[in-house]
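# got a structure for you, letters missing:
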């Protein structure tokens with residue numbers, strides 16, 4: 001058995017297309033210092049007073065318009081990719097999201113429980129350079 005595993009990492013998605021879930025996801029995403037590059041206290045004010053009171057409802061409607069019967073399109077397609085890559089390789093392949101679930105931390109802990117794994121190869125699936133995707 002290989003001592004390596006692969007973690008395919010994507011940006012993330014709310015768990016459900018519901019206002020509370022979208023609000024939680026937006027909060028996690030927007031409070032990342034690399035997404036909104038302001039001092040913490042100012043970022044908290046912007047997110048809490050300007051974004052979260054208004055944006056989750058319209059964002060929820062947008063998510064509802066694209067949501068699949070099996071879940072978030074990003075998660076569903078990421079899992080399909082994982083299955084196709086897994087079929088080609090003889091090492092464990094997992095997916096994780098930078099924001100939302102399944103989290104990178106949880107997947108690392110899951111992989112780490114396998115005493116045979118000594119190395120995890122991270123492959124980011126987002127196609128752009130931004131502080132929020134290459135630094136955090």
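Ah, there it is. Please read these numbers as outputs of a predicted model, since none were measured by experiment.
# so where's the longest helix in this protein?
Secondary structure assigned by DSSP state H gives helix 73-88 as the longest helix of the chain.
# ok, and what's touching it?
The contact list for helix 73-88 (C-beta atoms under 8 Å, 6 or more residues apart in numbering) reads 6, 8, 10-13, 66-68, 70, 92-95, 97, 125. All C-beta atoms are positioned from the backbone trio N, CA, C, and that covers glycine.
# Mind doing that once more with 10 Å?
6-15, 63, 66-72, 91-97, 100-102, 123, 125 (C-beta atoms under 10 Å, 6 or more residues apart in numbering).
# what's the burial count for residue 104?
Neighbourhood size, residue 104 [other C-beta atoms under 10 Å]: 19.
# correct me, but it touches residue 11?
No: if you go by C-beta atoms under 10 Å, residue 104 and residue 11 don't touch, sitting 11.4 Å apart.
# which residues do the two both contact?
97, 98.
# Now, the contacts of helix 73-88 that are in helices?
Going by DSSP H, the helices hold 63, 66 from those.
# now the contacts of helix 73-88: which count as buried?
In these, burial by neighbour count holds for 6-15, 63, 67, 72, 92-97, 100, 102, 125, counting by 16 or more other C-beta atoms under 10 Å.
# Show me where the chain dips below the pLDDT cut-off.
1, 128-136 (pLDDT under 70).
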